[in-house]
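1. requesting a structural model of the entry that follows:
(2 chains)
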Amino acid sequence: SQELEQSPQSLIVQEGKNLTINCTSSKTLYGLYWYKQKYGEGLIFLMMLQKGGEEKSHEKITAKLDEKKQQSSLHITASQPSHAGIYLCGADSGKLIFGQGTTLQVKP
Amino acid sequence: NAGVMQNPRHLVRRRGQEARLRCSPMKGHSHVYWYRQLPEEGLKFMVYLQKENIIDESGMPKERFSAEFPKEGPSILRIQQVVRGDSAAYFCASSRDSPTNEKLFFGSGTQLSVL
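-> Numbering: from 1, shown residues only, chains lettered A, B, ... in the order given. Now for the predicted structure:
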(Lines give C-alpha, C1' and ligand atoms only; values in the text may rest on other atoms or scores of the structure.)
Protein backbone atom coordinates (compact mmCIF):
# COMPACT_ATOMS: atom_id res chain seq x y z
CA SER A 1 0.00 0.00 0.00
CA GLN A 2 1.09 3.56 -0.62
CA GLU A 3 2.60 5.57 2.22
CA LEU A 4 3.40 9.24 2.54
CA GLU A 5 6.19 10.63 4.70
CA GLN A 6 6.28 14.32 5.58
CA SER A 7 9.20 16.30 6.88
CA PRO A 8 9.73 18.05 9.10
CA GLN A 9 7.17 16.86 11.62
CA SER A 10 7.01 20.32 13.13
CA LEU A 11 8.41 23.70 12.34
CA ILE A 12 8.70 27.01 14.20
CA VAL A 13 9.67 30.04 12.15
CA GLN A 14 9.89 33.75 12.68
CA GLU A 15 7.31 35.85 10.86
CA GLY A 16 8.64 36.91 7.49
CA LYS A 17 10.85 33.85 6.99
CA ASN A 18 10.50 31.36 4.16
CA LEU A 19 9.94 27.67 4.79
CA THR A 20 9.57 24.39 2.95
CA ILE A 21 7.64 21.22 3.80
CA ASN A 22 8.38 17.98 2.00
CA CYS A 23 6.25 14.99 1.16
CA THR A 24 7.71 11.71 -0.12
CA SER A 25 5.66 8.85 -1.47
CA SER A 26 6.53 5.15 -1.44
CA LYS A 27 4.93 4.84 -4.90
CA THR A 28 4.43 6.98 -7.98
CA LEU A 29 1.96 9.75 -7.34
CA TYR A 30 -1.00 10.06 -9.66
CA GLY A 31 -2.53 12.94 -7.79
CA LEU A 32 -0.93 14.87 -4.96
CA TYR A 33 -2.99 17.13 -2.74
CA TRP A 34 -2.02 19.69 -0.14
CA TYR A 35 -4.46 20.55 2.63
CA LYS A 36 -4.22 22.81 5.65
CA GLN A 37 -5.88 22.16 8.99
CA LYS A 38 -6.34 24.65 11.79
CA TYR A 39 -6.55 23.29 15.32
CA GLY A 40 -9.92 21.67 16.00
CA GLU A 41 -11.17 22.22 12.47
CA GLY A 42 -11.54 20.37 9.22
CA LEU A 43 -9.18 20.42 6.27
CA ILE A 44 -9.03 23.18 3.73
CA PHE A 45 -7.92 22.34 0.21
CA LEU A 46 -4.84 24.24 -0.98
CA MET A 47 -3.64 22.68 -4.24
CA MET A 48 -3.64 19.58 -6.40
CA LEU A 49 -0.73 18.48 -8.60
CA GLN A 50 -0.86 15.76 -11.22
CA LYS A 51 1.93 16.11 -13.74
CA GLY A 52 5.63 15.55 -13.19
CA GLY A 53 7.39 18.89 -12.82
CA GLU A 54 4.13 20.71 -12.20
CA GLU A 55 4.17 23.80 -10.01
CA LYS A 56 1.23 25.80 -8.67
CA SER A 57 1.04 28.92 -6.58
CA HIS A 58 -1.65 30.58 -4.54
CA GLU A 59 -0.83 33.82 -2.79
CA LYS A 60 2.44 33.11 -0.96
CA ILE A 61 2.24 29.33 -1.14
CA THR A 62 3.88 27.32 -3.93
CA ALA A 63 3.66 23.58 -4.39
CA LYS A 64 5.77 21.47 -6.71
CA LEU A 65 5.72 17.86 -7.86
CA ASP A 66 9.03 16.40 -8.97
CA GLU A 67 9.58 14.91 -12.43
CA LYS A 68 9.54 11.36 -11.10
CA LYS A 69 6.25 12.05 -9.30
CA GLN A 70 7.38 10.67 -5.97
CA GLN A 71 8.11 13.86 -4.07
CA SER A 72 6.33 17.13 -3.51
CA SER A 73 7.29 20.27 -1.68
CA LEU A 74 5.25 23.12 -0.28
CA HIS A 75 7.02 26.43 0.03
CA ILE A 76 5.74 29.45 1.93
CA THR A 77 7.32 32.82 1.24
CA ALA A 78 7.43 35.55 3.90
CA SER A 79 5.41 33.54 6.44
CA GLN A 80 2.68 35.20 8.49
CA PRO A 81 0.88 34.11 11.68
CA SER A 82 -2.13 33.24 9.51
CA HIS A 83 -0.05 30.48 7.90
CA ALA A 84 0.13 28.59 11.19
CA GLY A 85 -1.56 25.21 11.25
CA ILE A 86 -1.07 21.61 10.20
CA TYR A 87 -0.17 20.95 6.58
CA LEU A 88 -1.03 17.55 5.17
CA CYS A 89 -0.14 16.04 1.85
CA GLY A 90 -2.55 13.54 0.39
CA ALA A 91 -2.29 11.00 -2.40
CA ASP A 92 -4.89 9.48 -4.64
CA SER A 93 -4.76 5.74 -3.93
CA GLY A 94 -8.29 4.83 -4.95
CA LYS A 95 -9.16 6.87 -1.91
CA LEU A 96 -7.29 9.82 -0.48
CA ILE A 97 -4.57 8.89 2.01
CA PHE A 98 -2.52 11.38 4.01
CA GLY A 99 0.90 11.89 5.46
CA GLN A 100 1.22 12.41 9.19
CA GLY A 101 1.21 16.18 8.84
CA THR A 102 3.60 19.05 9.53
CA THR A 103 2.72 21.44 12.33
CA LEU A 104 3.76 25.00 11.56
CA GLN A 105 4.05 27.76 14.14
CA VAL A 106 4.86 31.30 13.06
CA LYS A 107 6.21 33.60 15.76
CA PRO A 108 5.30 37.29 15.41
CA ASN B 1 -24.25 26.14 -0.80
CA ALA B 2 -23.65 24.67 2.64
CA GLY B 3 -20.45 22.75 3.15
CA VAL B 4 -20.08 19.29 4.64
CA MET B 5 -22.02 19.23 7.89
CA GLN B 6 -21.05 17.01 10.77
CA ASN B 7 -22.86 16.61 14.04
CA PRO B 8 -22.46 16.58 16.84
CA ARG B 9 -19.26 18.61 17.11
CA HIS B 10 -18.47 17.05 20.45
CA LEU B 11 -19.71 13.73 21.76
CA VAL B 12 -19.03 12.28 25.18
CA ARG B 13 -19.70 8.63 25.84
CA ARG B 14 -18.96 6.23 28.68
CA ARG B 15 -17.21 2.97 27.98
CA GLY B 16 -19.63 0.42 26.56
CA GLN B 17 -22.08 2.94 25.10
CA GLU B 18 -22.78 3.50 21.44
CA ALA B 19 -21.61 6.51 19.45
CA ARG B 20 -23.37 7.72 16.31
CA LEU B 21 -21.68 10.33 14.16
CA ARG B 22 -23.55 12.01 11.35
CA CYS B 23 -22.35 13.55 8.12
CA SER B 24 -24.36 15.43 5.52
CA PRO B 25 -22.33 15.82 2.34
CA MET B 26 -22.33 18.90 0.18
CA LYS B 27 -25.30 19.27 -2.13
CA GLY B 28 -24.80 17.21 -5.25
CA HIS B 29 -22.11 15.01 -3.69
CA SER B 30 -22.76 11.29 -3.61
CA HIS B 31 -19.36 10.11 -2.38
CA VAL B 32 -18.57 10.18 1.34
CA TYR B 33 -15.38 9.33 3.22
CA TRP B 34 -14.70 8.92 6.93
CA TYR B 35 -11.34 9.56 8.54
CA ARG B 36 -10.05 9.32 12.09
CA GLN B 37 -7.42 11.58 13.61
CA LEU B 38 -5.68 10.70 16.84
CA PRO B 39 -3.62 13.27 18.77
CA GLU B 40 -0.25 13.87 17.13
CA GLU B 41 -1.19 11.65 14.19
CA GLY B 42 -2.33 12.29 10.67
CA LEU B 43 -5.67 11.47 9.17
CA LYS B 44 -6.30 7.76 8.81
CA PHE B 45 -8.72 6.61 6.14
CA MET B 46 -11.56 4.48 7.45
CA VAL B 47 -14.25 3.98 4.83
CA TYR B 48 -15.48 5.24 1.47
CA LEU B 49 -19.17 5.06 0.61
CA GLN B 50 -21.26 5.96 -2.37
CA LYS B 51 -25.01 6.14 -1.89
CA GLU B 52 -26.12 2.86 -0.27
CA ASN B 53 -22.85 1.14 -1.15
CA ILE B 54 -19.60 0.63 0.71
CA ILE B 55 -16.82 1.03 -1.84
CA ASP B 56 -13.76 0.61 0.38
CA GLU B 57 -13.73 -0.22 4.08
CA SER B 58 -10.11 -1.23 4.32
CA GLY B 59 -9.47 1.22 7.17
CA MET B 60 -12.38 0.19 9.35
CA PRO B 61 -11.69 -1.86 12.47
CA LYS B 62 -13.18 -5.33 12.02
CA GLU B 63 -15.38 -5.14 15.08
CA ARG B 64 -17.71 -2.55 16.63
CA PHE B 65 -17.44 -0.06 13.74
CA SER B 66 -19.93 0.27 10.91
CA ALA B 67 -20.87 2.92 8.37
CA GLU B 68 -23.81 3.54 6.13
CA PHE B 69 -24.93 6.11 3.59
CA PRO B 70 -28.63 5.56 2.93
CA LYS B 71 -30.52 6.75 -0.11
CA GLU B 72 -32.10 9.46 1.99
CA GLY B 73 -30.43 11.18 4.91
CA PRO B 74 -26.91 11.61 6.21
CA SER B 75 -24.08 9.13 6.36
CA ILE B 76 -23.71 7.54 9.78
CA LEU B 77 -20.56 6.21 11.41
CA ARG B 78 -21.56 3.94 14.26
CA ILE B 79 -19.27 2.73 17.01
CA GLN B 80 -20.68 0.12 19.36
CA GLN B 81 -19.42 -0.54 22.88
CA VAL B 82 -16.94 2.31 22.78
CA VAL B 83 -13.58 2.02 24.52
CA ARG B 84 -11.16 4.75 25.60
CA GLY B 85 -9.01 4.09 22.53
CA ASP B 86 -11.89 5.24 20.31
CA SER B 87 -11.42 8.80 21.58
CA ALA B 88 -10.42 10.81 18.54
CA ALA B 89 -11.57 13.39 16.03
CA TYR B 90 -13.65 11.85 13.26
CA PHE B 91 -13.81 13.72 9.97
CA CYS B 92 -16.14 13.26 7.08
CA ALA B 93 -15.44 14.40 3.54
CA SER B 94 -17.47 14.36 0.36
CA SER B 95 -16.93 14.65 -3.37
CA ARG B 96 -19.11 14.83 -6.44
CA ASP B 97 -17.40 11.98 -8.24
CA SER B 98 -14.91 9.24 -7.41
CA PRO B 99 -11.81 10.49 -5.59
CA THR B 100 -9.47 10.25 -8.57
CA ASN B 101 -8.52 13.79 -9.57
CA GLU B 102 -11.34 15.11 -7.43
CA LYS B 103 -11.09 17.59 -4.60
CA LEU B 104 -12.56 16.44 -1.29
CA PHE B 105 -14.45 18.83 0.93
CA PHE B 106 -14.16 18.22 4.67
CA GLY B 107 -16.48 18.80 7.57
CA SER B 108 -15.36 20.33 10.86
CA GLY B 109 -15.24 16.95 12.54
CA THR B 110 -16.76 15.28 15.59
CA GLN B 111 -14.58 15.05 18.67
CA LEU B 112 -15.43 11.83 20.46
CA SER B 113 -14.40 11.52 24.09
CA VAL B 114 -14.84 8.21 25.86
CA LEU B 115 -14.83 8.37 29.66
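
2. who does the residue sitting nearest the centre point of chain B bridge with?
-> Nearest to the mean C-alpha position of chain B, by Cα atoms, centre = their mean, lies B:Trp34 at 3.4 Å. Taking DSSP bridges as the rule, B:Trp34 bridges to B:Val47, B:Cys92.

3. that one against B:Ala89, yeah?
-> No: using Cβ atoms under 8 Å, B:Trp34 is not in contact with B:Ala89; the gap is 11.4 Å. Just so you know, the C-beta spots here come from the backbone N, C-alpha and C atoms, and that holds for glycine as well.

4. ok, which residues in chain A are in contact with chain B?
-> For chain A, the contact set with chain B under Cβ under 8 Å from any Cβ of the partner chain comprises A:6, A:30-31, A:33, A:35, A:40-45, A:48, A:50, A:88, A:92, A:94-101.

5. let's see 7 Å
-> Within reach of chain B by Cβ under 7 Å from any Cβ of the partner chain, chain A has these residues: A:31, A:41-43, A:45, A:48, A:50, A:88, A:92, A:94-101.

6. give me the buried subset of these.
-> A:31, A:41-43, A:48, A:88, A:92, A:94-101 (16 or more other Cβ atoms under 10 Å in any protein chain shown).

7. from those, which two are the most distant?
-> A:Glu41 and A:Gly94 (26.4 Å; Cβ to Cβ).

8. how about low-confidence regions in chain B?
-> Counting by pLDDT under 70, chain B contains low-confidence ranges at B:1.

9. what segments of chain B are strands?
-> Taking DSSP state E to define them, one finds strands in chain B at B:5-7, B:10-13, B:19-24, B:31-37, B:43-50, B:53-56, B:65-68, B:75-79, B:88-95, B:105-106, B:110-114.

10. make CSV from those and add distance to A:Gln14 to it.
-> Below are the strands of chain B laid out as CSV (distance: least, Cβ to Cβ, whole Å):
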stretch, distance to A:Gln14
strand B:5-7, 36
strand B:10-13, 35
strand B:19-24, 39
strand B:31-37, 28
strand B:43-50, 29
strand B:53-56, 43
strand B:65-68, 44
strand B:75-79, 41
strand B:88-95, 30
strand B:105-106, 30
strand B:110-114, 32
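
11. which of those strands sits closest to A:Gln70?
-> Set against A:Gln70 and scored by Cβ to Cβ, those come closest in strand B:43-50, at 20.2 Å.

12. list the contacts of that closest one.
-> With Cβ atoms under 7 Å, 6 or more residues apart in numbering or on different chains as the test, strand B:43-50 has contacts from A:88, A:95, A:97-98, B:30-37, B:54-57, B:59-60, B:67, B:69, B:75, B:91.

13. likewise for stretch B:7-23?
-> B:4, B:6, B:32, B:74-84, B:90, B:92, B:107-108, B:110-115.

14. can you point out the buried residues in it?
-> Buried residues in stretch B:7-23, counted by 16+ other Cβ under 10 Å: B:11, B:13, B:19, B:21-23.

15. please compute how far stretch A:46-62 lies from its chain's middle.
-> Here stretch A:46-62 is found 10 Å from its chain centre; the criterion is Cα atoms, centre = their mean, to the nearest Å.
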